[in-house]
Every structure is written in structure tokens, then in C-alpha cells.
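Trainee: return atomic coordinates for the entry below.
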Amino acid sequence: MKILYIVRHAKSSWDFPELADIDRPVIEKGINSTKKIAKELNQKNIVVDHIISSHAKRARETAKIIAAGINYPIEKIEINKHIYEHSDDDILEVISGVDNDMISLMIFGHNPTFTQLANRFLDEQIELLPTSGLVSFSFETNSWGELLKAKHKTNFMLFPKQLND
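Mentor: Next comes the predicted model:
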């Protein structure tokens, strides 16, 4: 059994046109939305064996907020440059490289790729994985490289607008 959590980064700032896209920070609204998601994950007693984040600032910041909320050691977050501006096939390649001893994986990245990735496994397609949005799947396999072939189910979706303040 493998459990995958696909998480889009928190809402980020466009207020600094001089910043490269990769350096855009998370804004206060994004921080608050992500903290709500983290709180909900904590209430669901979610435990994650491994976290991988895009190297973009907004994804790293989002991963740190969630990690802190579920008591995952922040220093163990893996930063991967093959997530930012890559295809869903590239993301699946990153996932397939995860040690098969890891049962659960949480991965942080960007749209449109993360919506496309989630839609590969959802029975009912979503138009958009919102900022700070998360989708969780379970796969009947012992190999991260076999996700596309494995029988799977959607565990839950968490979107900030669903959660009360």
C-alpha cells in the first residue's frame, strides 16, 4: 500500500515584479489557508513518511507550514528541482524514485501540472487544484513506480474554502 498526497503551493505574491517567478513568496492569506489545511491533517492523524517539495520559494514555504502542522521534521523535507515547470510525467518520475520502504509521500508543487497529476487518479476530474489544496490517494502496490498500473482510491480532498476559519 502507498499513500500519496498531492499539494499545490499556497497563494503567493505578485507584488514584486522584479522577483523571478521561482522566488515569489507566500502571502498572509496563503499562510492562513495552509495552516487550516495543516490543522485538518493533524485532526485526521495524518502521518507522512516523506515530503518532497519544488525548489520554488512558495512551494518550500507551504511544505514547511504543513510539515510543522503534522509534526514532520522540517529539515527532512527533500527539495527537488524536477518539479517546478515540469510535466505530470516528470512528477511521476520523481515519485517513482522514492524509496519503496516509504509508505506515504506528500509532494508540493504547482499548477497546471498538479491538477493534471491529480486528474490522472480521480474518478471525477477537477478543473483546478486550488492554492493550498490537497488530494490524497491510496494505491494497492508496494512500488512507487507502479502507481499508474495499481488499483487506487481517492481518500479525500481538502480545499481551504471547505474549511471553517
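Trainee: can you map out the strands along this structure?
Mentor: For the chain, the strands defined by DSSP state E occupy 2-8, 50-54, 78-80, 104-109, 134-139, 152-158.
Trainee: next one: the residue in the chain sticking out farthest from the centre from residue 150, what distance?
Mentor: The centre of the chain is farthest from one residue, residue 18, which by C-alpha atoms, centre = their mean lies 27.0 Å away. Noted for residue 18: a distance of 45 Å to residue 150, by C-beta to C-beta, to the nearest Å. Yep, even glycine has a C-beta here, placed from its N, CA and C like the rest.
Trainee: ditto for residue 31
Mentor: Remark: distance between residue 31 and residue 150 (C-beta to C-beta) = 35 Å.
Trainee: so what's residue 129 up against?
Mentor: The contact partners of residue 129, by C-beta atoms under 8 Å, 6 or more residues apart in numbering, come to 6, 8, 111, 114-115, 118, 135.
Trainee: report the lowest-confidence entry in the residues you listed.
Mentor: On pLDDT alone, residue 111 ranks lowest of those, at 94.
Trainee: okay, now it: neighbour count?
Mentor: Residue 111 has 16 neighbours, counted by other C-beta atoms under 10 Å.
Trainee: what of residue 63?
Mentor: 27.
Trainee: does residue 103 touch residue 1 like I think?
Mentor: Yes - with contact defined as C-beta atoms under 8 Å, residue 103 counts as touching residue 1 (6.6 Å).
Trainee: so the two - more neighbours on which side?
Mentor: Set residue 103 next to residue 1 and count neighbours by other C-beta under 10 Å: residue 103 wins out with 13 against 10.
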